[in-house]
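Trainee: here's a sequence, model it:
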Amino acid sequence: MALGESVVAIGIGLGNARLDLGLVAAAVLGLALVAGLWWSYFAGDEQGAEHALSTASVDRRWRLANNACF
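Mentor: Numbering: from 1, shown residues only. Next comes the predicted model:
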């Protein structure tokens, strides 16, 4: 969601501004920063979650899976 909101914010912020190399570079760097933050937050958790679910008892699996949604 933050990535999409960043695209919209950049578009609104530019408004009727004249595009030059500095402005385009700032917009690209801003999007790269948001993409990097998104990747660092969401990347790499799948293996840990899979391991926790596969080693847990059946009763505990249900609770872990249920709590993962929140």
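Trainee: show me what the longest helix that the chain contains is packed up against.
Mentor: Longest helix in the chain, counting residues (DSSP state H): helix 21-42. Judged by 3 or more C-beta pairs under 8 Å, 6 or more residues apart in numbering; DSSP states H and E, helix 21-42 is in contact with helix 2-14. Any C-beta I mention is one placed from the backbone N, CA and C, and that applies to glycine too.
Trainee: buried sites along the helix it packs on?
Mentor: With burial defined by 16 or more other C-beta atoms under 10 Å, the residues of helix 2-14 counted as buried are Ser6, Ile10.
Trainee: got the angle for it vs helix 21-42?
Mentor: 160 degrees (axes from the mean of the first three to the mean of the last three C-alpha atoms, to 10 degrees).
Trainee: what helices and strands are in contact with helix 2-14?
Mentor: By 3+ C-beta pairs under 8 Å, 6+ apart, helix 2-14 packs against helix 21-42.
Trainee: whatever helix or strand comes next after the helix it packs on: how far from the chain's middle?
Mentor: Counting by DSSP states H and E, the next helix or strand C-terminal to helix 21-42 is helix 46-55. The chain centroid and the centroid of helix 46-55 are separated by 21 Å, computed with C-alpha atoms, centre = their mean, to the nearest Å.
Trainee: with stretch 36-45 instead?
Mentor: Distance, centroid of stretch 36-45 to centroid of chain: 6 Å (C-alpha atoms, centre = their mean).
Trainee: pLDDT of it, averaged?
Mentor: For stretch 36-45, mean pLDDT rounds to 80.
Trainee: okay, stretch 26-44 in CSV with CA atoms only?
Mentor: Extracted C-alpha coordinates of stretch 26-44, given in CSV (Å, rounded to 0.1, in the frame of the first residue of the first chain):
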residue,chain,number,x,y,z
ALA,A,26,14.3,13.0,-6.7
ALA,A,27,11.0,11.2,-7.6
VAL,A,28,12.9,8.0,-8.7
LEU,A,29,15.0,8.0,-5.6
GLY,A,30,11.9,8.4,-3.4
LEU,A,31,10.2,5.5,-5.1
ALA,A,32,13.4,3.4,-4.8
LEU,A,33,13.5,4.2,-1.1
VAL,A,34,9.9,3.1,-0.6
ALA,A,35,10.5,-0.1,-2.6
GLY,A,36,13.6,-0.9,-0.5
LEU,A,37,11.7,-0.4,2.7
TRP,A,38,8.8,-2.6,1.4
TRP,A,39,11.3,-5.3,0.4
SER,A,40,13.2,-5.2,3.7
TYR,A,41,9.9,-5.5,5.7
PHE,A,42,8.3,-8.3,3.7
ALA,A,43,11.2,-10.4,2.3
GLY,A,44,12.5,-13.5,4.0
